[in-house]
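> Fold the following, please.
(one chain, ligands or ions: 2)
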Amino acid sequence: MSKTVSLITENYNKYNPDSIDEYINIGGFTGLKNALNMSSDEVINIAKASKVMGRGGAAYPLGRKWEQARSVPGDNKVVICNADEGEPCTFKDRSMLENDPFRLIEGMAIAGYTVGAQNGYLYIREEYRHLQPKMKNAIKQAKEKGYLGNNILGTDFNYDIHVYSGAGAYVCGEGSALIESIEGKSGRPRIKPPFIKQCGLNQLPTCVNNVETLAIGTALLTHGAEKYLSYGTAECPGTKVISIAGNVNKPGVYEIPFGLTLREIIYDIAGGVPGNKKITLFQLGGASGKIGPPSLLDTPYAYDDLHKVGLVIGSGAILVIDENMSVLEFLKSIQEFFCHESCGKCTPCREGNKQIAHILDRLLAGTQKDTDISTLIRLAKLMSQASFCGLGETAQSALLNAIRYFPEEFGLQ
Ligand SMILES: Cc1cc2nc3c(=O)[nH]c(=O)nc-3n(C[C@H](O)[C@H](O)[C@H](O)COP(=O)(O)O)c2cc1C
Ligand code: SF4
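Ligands and ions are numbered 1, 2, ... in the order given. Prediction:
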């Protein structure tokens, strides 16, 4: 029996994603209609009851975010859909843009109504620029049918959606850097406070949500919280759209109920490792996510269970690395990514990433100095505590878990 489910991805391959009529024929925009018949408090209560955590990586509760955004004073607010999807191995948001663009438009409108926004901005990563015409077409059709624009569905709700792409920097997925990028500036994070919920895009109160989070919003308002809560476990209800890649037979995007074990996901859903090779490690949540050893494969894929063993869901990526690659080689590849993507604004991240890369080079070449391991650990901890933004704070997540789970690689055992 299939272990995958279909709630957030329920419309994939069910309609022509370029046709709003086909979307409406399969029940599209029911969620928005339901939302507009409720108060924003009622919508927020549905989001809270569902216990949905934001899918952008930080796992911030959706109901709380919408409630805070709604309560910020201001009659001109903004919703941003974060489709930057820059985490390596993460491609589940792309699948939503490709297969069900109207669900996202609907989710953005529901979010706009709930928080009291007049404008939504869809920020699509540069590498997905080819999806801009598809999204613009969906927005145009939604306007023609009265699901966007003025007096939506005969109410006094006015809401429009604008599409933007950046220049292709990972850090632009961070909310304030993303806003700088839309404003036409260099995509670097802003100092906080002020927080973007109070002073974001063009100094307006701004609510940033991930693609999948907004797509869940559509499901919640279409089917009710109960349906979402019927999946997963008591502690971690619902479903998750994951992208799995690396050394697996069937890489791809899958929707799963929370609570399956990593082993079930890797072997039963993604078809196991080619050639039945052994797994060296897996990484959850993209390059900024944590790595784990094969001994943790029976951990349930759920927020608390993963947290207990030092893992995270993060972006929803699952990367499997087989015995052909060593832990140190893997860490070096991650390190190259962060050296390239550090925006250079703060010293811990700009210099720390480079120094760690040098030490990893020496470890791989067997030419390390006596002090290298202690320096490595000190730098990694310092970066996670002193960096200016989440990029530097999480760049060493894999390294710190490697020291915990593979101490022999560093001569620590
Ligand atoms: C360096 C960095 C990159 C990020 N990239 C993304 C991204 O590509 N997509 C995304 O949704 N969130 C990304 N985030 C998280 C966002 O800042 C933000 O928390 C998220 O979009 C909020 O949406 P959510 O509440 O629906 O999870 C990134 C954060 C950091 C620090
Ligand atoms: S942590 Fe890195 S990406 Fe973030 S501001 Fe500092 S240098 Fe830039």
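> so how many other residues sit close to Pro294?
Number of residues near Pro294 (other CB atoms under 10 Å) recorded here: 15. Using the backbone N, CA and C atoms, a C-beta is placed for each residue, glycine as well.
> could you pull out the helices for the stretch 51-200 of the chain?
62-71, 92-99, 101-115, 132-144, 175-182 (DSSP state H, counting those that start in this stretch).
> Next, see if the second one gets close to ligand 1.
No: if you take CB under 6 Å from any ligand atom as the test, helix 92-99 misses ligand 1, and the best it gets is 7.1 Å.
> Mind listing residues that contact that helix?
Contact partners of helix 92-99, identified using CB atoms under 8 Å, 6 or more residues apart in numbering, comprise 8-9, 11-13, 17, 83, 85, 103-104, 124, 128, 131, 134-135, 210-212, 215, 241-243, 253, 316-317.
> next one: the last one
Helix 175-182 has contacts (CB under 8 Å, 6+ apart) with 80, 82, 84, 121, 123, 164, 166-167, 169, 171-172, 186-190, 192, 196, 200-201, 206, 208, 343, 389.
> One more: the first one?
Outside helix 62-71, the residues within contact range by CB under 8 Å, 6+ apart are 40, 43-50, 52-54, 77, 111, 114-117, 197, 205-207, 209, 213, 216-217.
> Now do the contacts for whichever residue of the stretch 1-150 of the chain sits closest to ligand 2.
Nearest residue of the stretch 1-150 of the chain to ligand 2, counting by CB to the nearest ligand atom: Gly86, 11.7 Å away. Contact analysis of Gly86 by CB under 8 Å, 6+ apart lists 125, 169-170, 172-173, 341.
> mind redoing it with 7 Å?
125, 170, 173 (CB atoms under 7 Å, 6 or more residues apart in numbering).
> pLDDT at the residue nearest to Gly28 when sequence neighbours are not counted, what is it?
Residue nearest to Gly28 in three dimensions, not counting chain neighbours: Phe102, with 5.4 Å by CB to CB, 6 or more residues apart in numbering. Looking at Phe102, its pLDDT reads 98.
> Same check on Ser2?
The model's pLDDT for Ser2 equals 89.
> Quick one: classify it as helix, strand or coil.
Secondary structure for Ser2, judged by DSSP: H, G, I helix; E, B strand; the rest coil, is coil.
> now it: how far from ligand 1?
27 Å (CB to the nearest ligand atom, to the nearest Å).
> Could you pull up phi and psi at that residue?
phi -70, psi 140 (degrees, to the nearest 10).
> Ile139 touches Ile161, doesn't it?
Yes: taking CB atoms under 7 Å as the definition, Ile139 is a contact partner of Ile161 at 5.0 Å.
> so what's in contact with these two at the same time?
Contacts common to Ile139 and Ile161, judged by CB under 7 Å, 6+ apart, are 105, 148.
> give me the subset of the contacts of helix 175-182 touching ligand 1.
82, 84, 171, 208, 389.
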